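Asker: This is a predicted model, with the sequence first.
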Amino acid sequence: MPGSERGGRTALKLLKRRTRTFDIQVQDMTLHVSAGIDVNEESRAAALSFWEQLQAYALRNPEIRTSKRAIDVPNDAPPIVRELVRSARAAGVGPMFSFQGAVTDYVGRFLAGHDHEVTVSCGSDHFVVTRRRQKLTVLRRPDGSSIAVVVQPRREGIGISTATGRGRAPIDGLAIVASSCMLADAAAAGVQAIVPKNGGFRLALTYLRRVPGVVGGLIILGDRIGVAGAVEIAA
């Protein structure tokens, strides 16, 4: 009926004006989701299905879950697993560092197929699809102050890792912006490995400029703030 169809479309538009937030639990990971439509159950099913696929392959090839060093991309793996390994390899680290990012990416991409304003956060990872510029706060240790990184609109989504406190590197603030969360995670692990070296602060910024798919990064070390690539800082 024409009237019913018109009413249905209006209802959908009204739904999309309200931001829906919900959490998805995947093993020991909690994904915080914000989207304009209510696809809670569909997102949960997609996340669990992907996790099972990831775990099943990891049982056949444990290196996917345990290797800290870059490995060859397996030909027999599902596409998302090959992307995970490829992203870590591009950053020069092992695939274990990209597991959380891969789950975040997968749910974010699923939602991006249904909505134009999506944020999926899991720990230090953030997958963002937006039509307007947004700010992401990066906390500084030890004083707790913050710096905001501007996230530019990107239809395919953008991956961000704010990996402060991960690893043994004395980094007081870190944000990596990349084409995916799994790549941002891998690059963050690379930075953590480089910073403790002699001249590591400068070397880490140079490293970020050279990783394919990394848009840029912000590194805070004491009073030093370094920016690599196309990353904009806002007050």
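Answerer: Yes, it's here. Keep in mind that this is a model prediction, so the values were computed, not measured.
Asker: C-terminal to the worst-scoring helix or strand of the chain on mean pLDDT, what's the next element?
Answerer: Within the chain, no helix or strand scores below helix 2-17, which has a mean of 38 by mean pLDDT, DSSP states H and E. Using DSSP states H and E, the helix or strand that directly follows helix 2-17 along the chain is strand 20-26.
Asker: got the residue ranges for the strands in this protein?
Answerer: Secondary structure of the chain (DSSP state E): strands located at 20-26, 29-35, 118-122, 125-129, 134-139, 146-151, 158-161, 173-178, 214-221, 224-229, 232-234.
Asker: Name the residues of the shortest one that come out as buried.
Answerer: If I follow you right, that is strand 232-234. In terms of neighbour count (16 or more other Cβ atoms under 10 Å), strand 232-234 has no buried residues at all. Just so you know, the C-beta spots here come from the backbone N, C-alpha and C atoms, and that holds for glycine as well.
Asker: now for it, which elements pack on it?
Answerer: strand 146-151 (3 or more Cβ pairs under 8 Å, 6 or more residues apart in numbering; DSSP states H and E).
Asker: The strands of the chain: which one's closest to residue 51?
Answerer: strand 20-26 (5.0 Å; Cβ to Cβ).
Asker: Direction included, what does the closest one pair against?
Answerer: Strand pairing for strand 20-26, determined by DSSP bridges: strand 29-35 (antiparallel).
Asker: Next, the angle from the partner strand to strand 125-129.
Answerer: Taking axes from the mean of the first three to the mean of the last three Cα atoms, to 10 degrees, one finds strand 29-35 and strand 125-129 inclined to each other by 20 degrees.
Asker: Go ahead and name everything in contact with strand 29-35.
Answerer: Under the contact criterion Cβ atoms under 8 Å, 6 or more residues apart in numbering, strand 29-35 has outside partners 19-25, 40, 43, 47, 100, 103-104, 107, 111, 114-115, 117-123.
Asker: Please, a PyMOL command that selects the buried ones among the residues you listed?
Answerer: The PyMOL selection below is limited to those of the contacts of strand 29-35 classed as buried (16+ other Cβ under 10 Å):
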select buried, resi 24+43+47+100+103+104+107+111+117+118+119+120+121+122+123
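Asker: do you know how far the residue nearest to the spatial centre of the chain is from residue 221?
Answerer: Taking Cα atoms, centre = their mean as the criterion, residue 181 is the residue nearest the geometric centre of the chain, at 2.5 Å. Distance, residue 181 to residue 221, by Cβ to Cβ, to the nearest Å: 23 Å.
Asker: go on, residue 200?
Answerer: Residue 200 sits 9 Å away from residue 221, taking Cβ to Cβ as the criterion.
Asker: quick one, which of these two is more surrounded?
Answerer: residue 200 (20 against 17; other Cβ atoms under 10 Å).
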